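Engineer: Quick check, what structure comes out for this input:
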Amino acid sequence: MLNEIDLSRADLNLLVLYEMVLEERNVGRAAERLNLSASAVSHGLGRLRRLLNDPLFLKTPKGVVPTERARALAAPIADILARVRRVISTAEPFDPAHTRRRFTIGTADGFSVFLPPLLDEIARKAPGIDIVVRHMQMESALSDLDERLIDVAVAPFYELPARFAAQRLYEEEFVVAARIGHPFLKNPTLENYCRMQHLLVAPRGDPRGLVDQLLESRNLARRVALAVPNFMLALDLIVKTELVSVLPKRFIEMHAERFAVATARLPFDLAISSIQAVTPKAALMDAGLAWLLQVLGRADCDAESSL
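Structural biologist: Below you'll find the model as predicted:
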């Protein structure tokens, strides 16, 4: 890629510019984060396109999308920049109390219980750090990390390629949630569960989930009367309807004061999920990101519950 290029024509700032445009998918937003004009970013992209002999980013009505070559360059360029940042941070140690940084965390709202303790820690120890939270699909989590669309992914990961580092945050179990006084709560048996009308959180709109597969293995089934894209909407709807839903227990506890929700144990076995913060190992050469991962690992994710 870069090894056949006359490095006298290259500029490290072009790689930083590439990284930012890849993350933002928008020249204007990338320019704002780099404190440059949009025309300066466009000019830099032009230089990089000529250098690499590829369009790199194609215009769309909403911004830009990376070409296949640009996607392939994401991991090696991120590695190069991480190494350079590591050298600089070694010479100039990372100081959380005085740094000005922005980190992007990808997650789903159902696994967001780490945010209050994280923000509390940042407010006390690193007030200059800003956090951007992006909704993340599990299917694209690792590619989002590779392409540096996000710095850290927080989700229940089970198997990870060797190029990623993981920090366990907390254990999450799922429960059946329903409005207070719902008939199911008086008799939470498997037979009764299958009789209920169910709400499924399905970010991609698939009306079948893991529970349906489990029930099918027992020659059982349930009716998914409603599928919604996120956990918060699920909470809002189950308190106003007769629907029941399988939701993360800690997430419910975090929002207990807002929603009149009651819970029951699952009438079947479902593995407890280990929620982890994941980032590319190469990115940990950035002392700031390494610090963030440590803070995430120390965050107390226990929530007071009135359920």
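Engineer: which intervals of the chain have sub-threshold pLDDT?
Structural biologist: 1-10, 86, 88-92, 300-307 (pLDDT under 70).
Engineer: How is it divided into domains?
Structural biologist: Using automatic domain parsing, the domains assigned to the chain come out as 7-90, 96-168+275-298, 174-264.
Engineer: Now do the strands in the stretch 51-200 of the chain.
Structural biologist: Under the criterion DSSP state E, counting those that start in this stretch, the stretch 51-200 of the chain contains strands at 57-60, 63-66, 101-107, 129-135, 152-155, 164-172, 174-179, 197-201.
Engineer: Make CSV from the ones you listed and add mean neighbour count and distance to Leu243 to it.
Structural biologist: No exception for glycine: its C-beta is placed from N, CA and C like everyone else's. Shown next, in CSV, are the strands of the stretch 51-200 of the chain (neighbours: other C-beta atoms under 10 Å; distance: least, C-beta to C-beta, whole Å):
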stretch, mean neighbour count, distance to Leu243
strand 57-60, 13, 38
strand 63-66, 16, 37
strand 101-107, 19, 25
strand 129-135, 14, 23
strand 152-155, 23, 25
strand 164-172, 17, 21
strand 174-179, 23, 8
strand 197-201, 20, 4
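Engineer: Quick one, which of the ones you listed gets closest to Leu51.
Structural biologist: Of all those, it is strand 57-60 that lies closest to Leu51, at 13.9 Å by C-beta to C-beta.
Engineer: Buried ones in the longest helix anywhere in the chain, by neighbour count?
Structural biologist: Secondary structure of the chain per DSSP state H: the longest helix is helix 68-91. For helix 68-91, burial by neighbour count (16 or more other C-beta atoms under 10 Å) applies to 70, 73-75, 77-82, 85-86, 89.
Engineer: Same list (the residues you listed) but as CSV, adding distance to Ala162.
Structural biologist: Below are these laid out as CSV (distance: C-beta to C-beta, whole Å):
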residue, distance to Ala162
Ala70, 24
Leu73, 21
Ala74, 18
Ala75, 13
Ile77, 20
Ala78, 16
Asp79, 14
Ile80, 20
Leu81, 21
Ala82, 16
Arg85, 22
Arg86, 19
Ser89, 24
